[in-house]
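> Have a look; sequence and predicted model below, questions after that.
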Amino acid sequence: MKFGIANAIRNHPAKAYPLADVYRDYIGDAVLAEELGYSFSWYGEHRMTPCQWTPSPLTVCAWVAAKTRTMRVGPQVLCLPFHNPLRVAEDVAVIDIMSNGRFDFGIGVGSQFEEFRTFGINSDERVGRTWEMADLIERCFAEKETFSFKGKYYDFPEITFTTKPVQQKMPIWWGGEGPKNLQRAAQRGYHLMAGGNLKASNAFDEALRAAGRNPADHCIVPMTFTCIADTEEQAWE
């Protein structure tokens, strides 16, 4: 069993302090976690929130990877519909190279409808866009020759993707609990960021078996959300 940290980089609106210090604190947490024996540090993505939730988890992952030696890093999760799939594939590959294969690729559909409105993306398309992006990104990592991709949402001719990740099989983690998406993630052989939901974890195991996969070969990381402070009263606050 391994332990890690799933970080929501946030700044308490009622007790805000400079964002540069906020990010330094979270980076320092990852460095200390590695010293204490934790195995991974993941970072969520949201934007335009009062708590200044980080909109750029891949940048944070690159910084943490540079400050650590064994710690695995990754987004938990990258909300794919807000990104260009080729740029995501490139950034993920480069971070994996710079970290010498320590990247965990967590993906999801996004959950904040305000973000879809601001980006001008129909929220009804979020699932379709996410899986189509996953198809393209996986092909970028796997294809050895120039290829073209044409889907419902994305059309890229003549992709020559020469900057390959260190990991020959990039570990992709699904961040979501919807039954249909769990089935698709299991069929693709992804791992699961389950959010502590035992029902979702069991459903994922069942979906893996139905897809002819052994659940023992796939990881499920349940999340326990924690506030740490000197006293219980301070933690609640």
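Good, I have the coordinates. Residues are numbered from 1 along each chain as shown.

> Please count neighbours and contacts with C-alpha atoms only from this point.
OK.

> So what sits opposite M193 in the bridge?
For M193, the beta-bridge assignment (DSSP bridges) gives partners V221.

> phi, psi of F147?
Dihedral pair for F147: phi -140, psi 160, per degrees, to the nearest 10.

> Might one say that it is in contact with I159?
Yes. Look at F147 against I159 with CA atoms under 8 Å: they come within range, at 5.2 Å.

> isn't S201 right next to I220, touching?
Yes. S201 is in contact with I220 according to CA under 8 Å; the separation is 6.9 Å.

> which residues are common contacts for those two?
Taking CA atoms under 8 Å, 6 or more residues apart in numbering as the contact rule, S201 and I220 both touch 192, 194.

> Low-confidence bits of the protein, can you list those?
Counting by pLDDT under 70, the ranges of the chain that qualify are 195-196.

> Do a quick rundown of the helices in it.
Listed from the start of the chain, the chain has helices (DSSP state H) covering 19-35, 57-67, 85-98, 113-119, 126-142, 179-188, 198-210, 232-236.

> Check the offset of stretch 20-29 from the chain's centre.
On the basis of CA atoms, centre = their mean, to the nearest Å, stretch 20-29 sits 19 Å off its chain's mean C-alpha point.

> actually stretch 13-30, not the one I typed
Between the mean C-alpha point of stretch 13-30 and the mean C-alpha point of its chain there is a distance of 20 Å (CA atoms, centre = their mean).

> Mind exporting the C-alpha coordinates of that stretch to PDB?
Presented in PDB, the C-alpha positions along stretch 13-30 are these (Å, rounded to 0.1, in the frame of the first residue of the first chain):
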ATOM      1  CA  PRO A  13     -10.600  34.000   1.200                       C
ATOM      2  CA  ALA A  14     -11.100  35.300   4.700                       C
ATOM      3  CA  LYS A  15      -7.400  34.900   5.600                       C
ATOM      4  CA  ALA A  16      -5.700  35.300   2.200                       C
ATOM      5  CA  TYR A  17      -2.000  35.700   1.900                       C
ATOM      6  CA  PRO A  18       0.300  36.300  -1.100                       C
ATOM      7  CA  LEU A  19      -0.200  33.600  -3.800                       C
ATOM      8  CA  ALA A  20       3.500  33.300  -4.200                       C
ATOM      9  CA  ASP A  21       3.700  32.200  -0.600                       C
ATOM     10  CA  VAL A  22       0.700  29.900  -1.000                       C
ATOM     11  CA  TYR A  23       2.400  28.000  -3.900                       C
ATOM     12  CA  ARG A  24       5.700  27.900  -2.000                       C
ATOM     13  CA  ASP A  25       3.900  26.300   0.900                       C
ATOM     14  CA  TYR A  26       2.400  23.600  -1.200                       C
ATOM     15  CA  ILE A  27       5.700  22.900  -3.000                       C
ATOM     16  CA  GLY A  28       7.300  22.600   0.400                       C
ATOM     17  CA  ASP A  29       4.600  20.200   1.500                       C
ATOM     18  CA  ALA A  30       5.500  17.900  -1.400                       C
END
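
> buried ones in that stretch?
The neighbour-count criterion (16 or more other CA atoms under 10 Å) identifies 23, 26-27, 29-30 as the buried residues of stretch 13-30.

> which residues touch P57?
The contact partners of P57, taken as CA under 8 Å, 6+ apart, are 43-45, 74-75, 78.

> no wait, E45
Going by CA under 8 Å, 6+ apart, E45 touches 8, 53-57, 75-79.

> Same check on F119?
Contacts of F119 (CA under 8 Å, 6+ apart): F82.

> Output the buried residues of stretch 13-30 in CSV, with distance to D230 appended to each entry.
Shown next, in CSV, are these (distance: CA to CA, whole Å):
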residue, distance to D230
Y23, 21
Y26, 18
I27, 20
D29, 16
A30, 20
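
> Check those residues and tell me the two furthest apart.
Farthest apart among those by CA to CA are Y23 and A30. That separation is 10.9 Å.
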